[in-house]
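need coordinates for the below:
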Amino acid sequence: MTDPTAPFSRVKIRVGALVFCGDDVALIRRDRPTGSHYTPPGGNVKPGEDLLDALRRELAEELRLGLDDATPPELCWVQDQMVTRPGPTAPPRKIHMIFRCYITPKVRAQLARVEWDELEDGSVEPGIIEWVNYRKAKDLPLFPLIGPAVSALAAPDAPVGNPYLPPVTDANYRWV
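Numbers count the residues shown, from 1 in each chain. Prediction:
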C-alpha cells in the first residue's frame with residue numbers, strides 16, 4: 001500500500017480549457033505578493049465525475065460559460081505535474097487535461113470578467129479574466145506550462161500534433 005503522506009502518492013486530474021474568440025484566448029490572472037500568474041479556466045475533477053462534466057462545471061463557475069454556447073471541447077494536451085509546494089500536506093501528482101473550444105464575440109461579451117476562487121481557509125481570491133492573443137502565451141507565467149505549445153499553433157484551430165507535453169517538475173517550475 002502507498003503511503004498517503006508521501007509526496008505524489010495521490011493523483012488528481014485537472015481539466016482546463018483554452019476558450020478562443022478569434023485570436024484571443026481567455027486566461028485567468030491571479031496577482032499575488034510573489035507575482036502574477038495565469039491559468040486557463042478549469043479545475044480539479046471530483047471523484048466519480050465525468051471529465052466533460054467537470055469541464056462544463058468549471059467553465060460555468062469561472063467564466064459563466066455554458067458549453068452549449070461554445071464549440072464542442074477538443075482535448076489538445078496532457079501534462080503530468082509532480083512539483084513540491086509549501087504547506088503541511090504532501091503534494092499530489094496532478095494530470096492536466098487541456099481542451100480548447102471557440103466562442104463568438106456575442107458570447108464573449110456576456111462572460112464574467114472576474115472569477116472568485118474559494119481558498120482552503122474560506123476566504124476568496126479574485127482572478128481577472130484576461131483575453132490575450134494566443135501567440136503571446138509563451139511570454140506569460142502560464143500554468144500548466146502550455147504557453148510554448150499554445151503560441152506555436154499556426155492558427156487557433158490548427159492541429160496540435162503530439163498531445164503529451166513535457167512534465168512539470170521542480171526542475172522546470174517553482175510554485176507561486
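
so which elements touch the helix or strand bottoming out on mean pLDDT in the chain?
Across the helices and strands of the chain, mean confidence by mean pLDDT, DSSP states H and E is lowest for strand 114-118: a mean of 90. Counting contacts by 3 or more Cβ pairs under 8 Å, 6 or more residues apart in numbering; DSSP states H and E, strand 114-118 packs against helix 51-63, strand 124-133. Glycine gets a C-beta too; all of them are placed from N, C-alpha and C.

just the C-alpha atoms of that strand, please, in CSV.
The C-alpha trace of strand 114-118 is given here as CSV (Å, rounded to 0.1, in the frame of the first residue of the first chain):
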residue,chain,number,x,y,z
VAL,A,114,-13.6,38.3,-12.6
GLU,A,115,-13.5,34.8,-11.1
TRP,A,116,-13.6,34.3,-7.4
ASP,A,117,-11.6,31.3,-6.2
GLU,A,118,-12.5,29.9,-2.7
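
can you give me the strands in the chain?
Along the chain, counting by DSSP state E, strands occupy 11-21, 24-32, 35-39, 42-44, 74-82, 93-102, 114-118, 124-133, 168-169.

tell me the bridge partners for Gly35.
Note on Gly35: beta-bridge partners by DSSP bridges are Arg32.

what's around it, how many residues?
For Gly35, the count of nearby residues is 9 (other Cβ atoms under 10 Å).

and it, what pLDDT?
You'll see Gly35 listed with a pLDDT of 88.

likewise for Ser123?
pLDDT at Ser123 comes out at 89.

list the buried residues for the least confident helix or strand of the chain?
Under the neighbour-count criterion of 16 or more other Cβ atoms under 10 Å, strand 114-118 has Glu115 buried.

please list the residues outside that strand that contact it.
Strand 114-118 has contacts (Cβ atoms under 8 Å, 6 or more residues apart in numbering) with 28, 30, 41, 61-63, 124-129.

try it again at 10 Å.
Counting by Cβ atoms under 10 Å, 6 or more residues apart in numbering, strand 114-118 makes contact with 26, 28-30, 39, 41, 43, 58, 61-64, 123-129, all of which sit outside it.
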